[in-house]
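Q: starting from these lines, generate the structure:
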Amino acid sequence: MATIITEDLLKKYFVENKKHPAYQESIELYEKLKVHANGSMPKKLIQERRPSESEHVQKYREAIYKPITEGSITKVLNSLSKIRRSQDWSIKYDKSSVPPSIHEDETPKEYFEYNFPNFDSLTNWVFEMGLKNYCIDANAVVVVMPMDFNVEVNGYAKPYP
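A: Down below sits the predicted model:
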């Protein structure tokens, strides 16, 4: 059964700082996955000196580190990104819900498909930013809000994640 997201539910997490039961475990998993997904150096593993290892050798290991597992995660993300080329992937816009006072260049379809800030389209944002974070961080939250709250009478607020 799906949980209905209400103001009271969000208040528990954002105001009262409540954590879900698997919060700590999900943070640990994120930290482990982040190393592979972002190609960052596993500091705890690399910077820890081995028994009878000189400081010079330890610094050398740190200097030559290459993220060899990043390619594997990239392959998984590339496979998931192929969803956008599927026949079943689409965003349907109901033209009848657009009031006649809205200019053609300001319709939701124009904004989300052609004029979406920084990514050109919402689909590009989903597959370039959202997908990777969705896959590696169980605690990730996306806030969608208008970039500008001063909207003309015959225009739409332009939401942005």
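
Q: hey, let's count contacts and neighbours off CA atoms from now on
A: Noted.

Q: quick check: domain ranges of the protein?
A: Using the TED database, the domains assigned to the chain come out as 7-82, 97-160.

Q: quick one: average pLDDT of the longest one?
A: Within the predicted structure, the mean pLDDT of domain 7-82 is 83.

Q: ok, stretch 149-156 next?
A: The model assigns stretch 149-156 a mean pLDDT of 78.

Q: can you classify the residue most central in space within the chain by secondary structure?
A: Nearest residue to the geometric centre of the chain (CA atoms, centre = their mean): G130, 3.0 Å. Following DSSP: H, G, I helix; E, B strand; the rest coil, G130 is assigned to helix.

Q: V144 is in contact with Y160, isn't it?
A: Yes - assessed by CA atoms under 8 Å, V144 is found in contact with Y160 at 5.3 Å.

Q: wait, what's in contact with P146?
A: For P146, the residues meeting the contact criterion (CA atoms under 8 Å, 6 or more residues apart in numbering) are 157-160.

Q: next one: K19
A: Per CA under 8 Å, 6+ apart, neighbours of K19: Y13.

Q: quick check: the gap between the most far-flung residue of the chain relative to its centre and Q58.
A: What lies farthest from the middle of the chain is S52; by CA atoms, centre = their mean that is 42.3 Å. According to CA to CA, to the nearest Å, S52 stands 10 Å off from Q58.

Q: can you check I136 too?
A: According to CA to CA, I136 and Q58 sit 29 Å apart.

Q: ok, T107 next?
A: Distance, T107 to Q58, using CA to CA: 58 Å.

Q: do a quick rundown of the strands in this structure.
A: 145-146, 159-160 (DSSP state E).

Q: hey, which of these is tucked in deepest?
A: Comparing the strands of the chain by mean neighbour count (mean count of other CA atoms under 10 Å), strand 159-160 comes out on top with a mean of 16.

Q: mind giving me the packing neighbours of it?
A: strand 145-146 (3 or more CA pairs under 8 Å, 6 or more residues apart in numbering; DSSP states H and E).

Q: measure how far stretch 100-108 is from the centre of its chain, please.
A: 29 Å (CA atoms, centre = their mean, to the nearest Å).
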